[in-house]
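Undergrad: prediction below, plus the sequence it came from.
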Amino acid sequence: MKRDIKKEAEKIIHMFPRINSETDPYKVLVETVLSQRTKDENTEKAFKSLFSRYKNVFEISKLNPEELYDLIKPAGMYRQKSERIINISRILIEKYNGEVPDELEELIKLPGVGRKTANIVLYVSFGKEALAVDTHVHRISNRLGWVETKTPEETEVQLKKIIPSELWGPLNGSMVNFGQRICKPISPKCMECFLNEVCPSKRVYKNKSR
DNA sequence: AAAACGGGGGC
DNA sequence: GCCCCAGTTTT
């Protein structure tokens, strides 16, 4: 079976689309910070309770971290995240006129914003061709044999060489969904996987827990 | 390189 | 009861 990585990526995107209903840059930024190491369901609870109580960057910038604890608690790491969200809000007002910058170099200066969070904002809110390499993208790309890498940084460099840039953005969310449903960290469902004919890791995972 | 943050859910 | 989750920062 001849490999066509672009086709495989397109198939993953088609079968596991991720709908980003929210595109407001500030809300996407806050939502993505809340989502770090946190399941979607819990992220959503925290996000909704936060923005049903407070409206925008100006209101949130004036709060003390303690005032956010109970609102965002379902997302976990709520002390860190509360402080970061408020500090981010203050910096946006002081340095960026209350707007979210649309450059990677500026975004990653914000507290609690690394490459992954920044790239998600760049794609979802600004429509840029940004590849956000998280644990799912890193794990799946290696399992499929698209790359052979040790770190997410390496994965980002190698993936960008073999995946057309117009697929980078959609691939972000689709790899997460694919990773949650099929290509799971533990006990992946290789027998249900539509790529199991070409996947070099299939035999390894078949009938095994890892 | 490893630890720390963290509630909620899967197994 | 133990482990993991759209990571990032600090030690």
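TA: That came through, no problem.
Undergrad: leaving out chain neighbours, which residue sits closest to the residue in chain A positioned nearest to DNA strand B?
TA: Distances between chain A and DNA strand B by CB to the nearest atom of the strand are smallest at A:G76, namely 2.2 Å. The way it works is simple: take the backbone N, C-alpha and C, and place the C-beta from them, glycine included. Of all residues beyond its chain neighbours, the one nearest A:G76 is A:T38 (5.5 Å), with distances taken as CB to CB, 6 or more residues apart in numbering.
Undergrad: just checking, that neighbour touches A:A75?
TA: Yes - the pair A:T38 and A:A75 qualifies as a contact (CB atoms under 8 Å) at a distance of 4.9 Å.
Undergrad: what sits against A:L71?
TA: With contact taken as CB atoms under 8 Å, 6 or more residues apart in numbering, A:L71 is in contact with A:A46, A:S49, A:L50, A:R53.
Undergrad: residues in chain A within reach of DNA strand C, list them.
TA: By CB under 7 Å from any atom of the strand, the residues of chain A that approach DNA strand C are A:18, A:20, A:32, A:35-40, A:43, A:76-77, A:80, A:108, A:110-118, A:120, A:124, A:132, A:134-136, A:172-173, A:176, A:179-180, A:185-186.
Undergrad: helix or strand right after the longest helix that chain A contains?
TA: For chain A, the longest helix by residue count, based on DSSP state H, is helix A:78-96. For helix A:78-96, the following helix or strand on the C-terminal side (DSSP states H and E) is helix A:104-107.
Undergrad: now that next one, how far from the centre of its chain.
TA: 16 Å (CA atoms, centre = their mean, to the nearest Å).
Undergrad: keeping just the C-alphas, turn whatever helix or strand comes next after it into CSV.
TA: Toward the C-terminus, helix A:104-107 is succeeded by helix A:115-124 as the next helix or strand (DSSP H and E). What follows is helix A:115-124, C-alpha atoms only, in CSV (Å, rounded to 0.1, in the frame of the first residue of the first chain):
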residue,chain,number,x,y,z
ARG,A,115,3.4,27.8,20.9
LYS,A,116,0.4,25.5,21.0
THR,A,117,-2.0,28.0,22.4
ALA,A,118,-0.7,30.8,20.2
ASN,A,119,-1.1,28.7,17.0
ILE,A,120,-4.6,27.7,17.9
VAL,A,121,-5.6,31.4,18.3
LEU,A,122,-3.8,32.3,15.0
TYR,A,123,-5.8,29.7,13.1
VAL,A,124,-9.2,29.9,14.8
